[in-house]
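Undergrad: Fold the following, please.
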Amino acid sequence: MTDKMDIRQSAAMRLAAPFIRLTKTLVPVHRKDVETEVIFRMQADRNGFWFHRHFTLGPNTIFKFVSCLEQMGGNQVTEWMGSVIGWHSTFAYKGDGVQLDHVGYAVVSVFQCHH
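TA: Next up is the predicted model:
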């Protein structure tokens, strides 16, 4: 799937951009209309759903970002980033889609989603 994505970061996150780039925790830019390709992947023997994202940041610059969405129980999921930090959310079915609501961060103890 290819489309344009707006990437927003708070001022504090922009200050942490070097760390974010190094750990591949998030995409280290604050920009609108970033050409983005997302490849979805699952494995039958793993508990996760992978997002392989390719962000075109310039003519010869592609930032690759892989994360894994893991169900934690009930309607709770965590999207594990490149580091040990996860984006913890709840999900709900809304019409013909799924809505994710951020409820906090998680630190990995047992990482089920292996890249």
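Undergrad: so after the lowest-mean-pLDDT helix or strand in the chain, what's the next helix or strand?
TA: Within the chain, confidence by mean pLDDT, DSSP states H and E is lowest for helix 17-23 among all helices and strands, at a mean of 76. Downstream of helix 17-23, the next assigned helix or strand under DSSP states H and E is strand 31-42.
Undergrad: what pairs with the residue nearest the centre of the chain across the strands?
TA: With distances taken as CA atoms, centre = their mean, the residue of the chain nearest its centroid is residue 67 (5.0 Å). Using DSSP bridges, the bridge partners assigned to residue 67 are residue 51.
Undergrad: quick one: the helices in the protein?
TA: 11-15, 17-23 (DSSP state H).
Undergrad: got a list of contacts for the least confident helix or strand of the chain?
TA: 9, 13, 25-29, 81-83 (CB atoms under 8 Å, 6 or more residues apart in numbering). Where you see a C-beta, it was placed from the backbone N, CA and C, and this is true even at glycine.
Undergrad: Dihedrals phi and psi, residue 81?
TA: Main-chain torsions, residue 81, degrees, to the nearest 10: phi -90, psi -170.
Undergrad: now the closest residue to it other than its chain neighbours: how far from residue 34?
TA: Leaving aside its chain neighbours, residue 81 sits nearest to residue 25 (4.7 Å; criterion: CB to CB, 6 or more residues apart in numbering). If you measure residue 25 against residue 34 using CB to CB, to the nearest Å, the figure is 17 Å.
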